[in-house]
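Peer 1: Structure here, sequence nowhere to be found:
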DNA sequence: CCTCATATCTGGTCATACCAAATTTGCGCA
DNA sequence: TGCGCAAATTTGGTATGACCAGATATGAGG
């Protein structure tokens, strides 16, 4: 779990210490602030630039470019604790629905015994967590990603993995409510049964209803997405 | 168009010059090979590591980790001219279908006059290209991405942008055939009309049929995806 | 208050050096 | 010949310092 803490810290720092025009402190200042060499700062900045979080202009400075940030960048932000624009969260949930309802359908055709076994393991782990009064953040993520994995489309899995990283800090909050964890778990069981029966339509419907709960939760939390227009 | 050529070249070089266990040449060797300082190589490697293309093990070496590469990494590969695993291409096309059919439906509800104007501009540009006997690679990408943009979901757009970067080298080949360009263009027109009529079902159906053509093309080119199982 | 020359700042790049752990080499022993 | 272990080497991780040239800020002069 060591990860690259400088990268996360730097990303967070840049957002707190940028002037109106999005200009951040210079490499030399950042190096001094974090107590590392300029080389280390440059390495981290290279990554942030590849993620389109910042733009480095020669002989001028480093500027934030949030509007163009890639999805991988958003995951990094979430990890670093940088608050994401609520609209982005709402958009992510919508995209997640598109992905996972389709994944449920495809998984009905393509899931192998290995996938089913993993799902059973995850459900068992969930039971244990529930019995212990703990939240299901990790198990929820594992369950959903295993279904995506069952589509046998690795690109699909790569894409979906990203927004679960984004939710790393948020899911535990969502599942802090025991009633929510239990209901989610029971819905997972029904989805698993539909997958096992290879009933594509049922799996889609159940997944849709399941995700609707999450969508409503976020909607209620961040208010109307009407401001997203424009 | 300058881009970071060292990054692309390095990625390509690592694939050509790695030993059986995936170990690549050392930083010092790479620096000498490309005629740059070790610092530059490290900056590029930091990005490749962030993309999960390589793993740097302290005091040991740099190792390829293709299986875990992110989608952004795949786009980088494509740009660098590194041949992608045909299975990945097939998987990407499948994912694209999932995305864009849904995007067409959503766009019917959310497209604004600005979107329609952009689509008209792109179609006009396509006509011009066709008249000049040129391929429609760029216009095809712009058309499809504009529909995704019309969903007003920026995360959606970010995700979809990635695999158009991946196709940068391939699309021109696809559209080299004039008959294909013309048919594609005519299908675009029909899709535009469905969007304008805000007929979600029709737009989905047309988009599905349109993408089916591309899927067949790739399928025929790379053979049966049966080997993707397992 | 505006203009323009000058001093300063900034990213881009390179060369070197040291560290400590991983890896390889090779000597000596069985 | 084969094995084991210590010494030499390689490797990534990190820091320091320097130079370049263009962008930027500063300030004197009109």
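Peer 2: Cool, got the structure. Nothing here was measured: the structure is a model prediction, and the numbers come from that model.
Peer 1: and the angle for the helix or strand bottoming out on mean pLDDT in chain A with helix B:71-80?
Peer 2: Least confident helix or strand of chain A, by mean pLDDT, DSSP states H and E, is helix A:71-80 with a mean of 74. Here helix A:71-80 points in a direction 140 degrees away from that of helix B:71-80 (axes from the mean of the first three to the mean of the last three Cα atoms, to 10 degrees).
Peer 1: Whether helix A:71-80 contacts chain B - can you check?
Peer 2: Yes. Against chain B, helix A:71-80 shows contacts by Cβ under 8 Å from any Cβ of the partner chain at A:71, A:72, A:74. C-beta: built from backbone N, CA, C; applies to glycine.
Peer 1: Which strands or helices does that helix pack on?
Peer 2: In terms of contacts (3 or more Cβ pairs under 8 Å, 6 or more residues apart in numbering or on different chains; DSSP states H and E), helix A:71-80 is packed against helix A:5-16, helix A:154-166, helix B:154-166.
Peer 1: before we move on, back to that, export the residues of helix A:71-80 next to chain B to TSV and append columns for distance to residue B:40.
Peer 2: Formatted as TSV, those follow (distance: Cβ to Cβ, whole Å):
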residue	distance to residue B:40
A:71	27
A:72	23
A:74	28
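Peer 1: out of these, who's nearest residue A:50?
Peer 2: Distance to residue A:50, by Cβ to Cβ, is smallest for residue A:72 among the residues of helix A:71-80 next to chain B, at 8.9 Å.
Peer 1: can I assume that closest one is in contact with residue B:74?
Peer 2: No. Contact criterion Cβ atoms under 8 Å: residue A:72 and residue B:74 do not qualify, at 11.9 Å.
Peer 1: Up against DNA strand C, what does chain A have?
Peer 2: By Cβ under 7 Å from any atom of the strand, the residues of chain A that approach DNA strand C are A:24, A:26-29, A:38-39, A:42, A:45, A:56-62.
Peer 1: Which members of the residues you listed are classed as buried?
Peer 2: A:24, A:27, A:42, A:45, A:61, A:62 (16 or more other Cβ atoms under 10 Å in any protein chain shown).
Peer 1: Low-confidence ranges, chain A, go.
Peer 2: Across chain A, residues meeting the criterion (pLDDT under 70) sit at A:1-3, A:66-68, A:80, A:222-230.
Peer 1: that older thread, looking at the residues of helix A:71-80 next to chain B, state which has the most neighbours.
Peer 2: The most crowded member of the residues of helix A:71-80 next to chain B, judged by other Cβ atoms under 10 Å in any protein chain shown, is residue A:71 (27 neighbours).
Peer 1: Now do the helices in chain A.
Peer 2: In chain A, the helices defined using DSSP state H lie at A:5-16, A:27-34, A:38-50, A:71-80, A:86-110, A:113-131, A:137-149, A:154-166, A:171-174, A:178-196, A:200-222.
Peer 1: To DNA strand D, which of these lies closest?
Peer 2: helix A:38-50 (4.2 Å; Cβ to the nearest atom of the strand).
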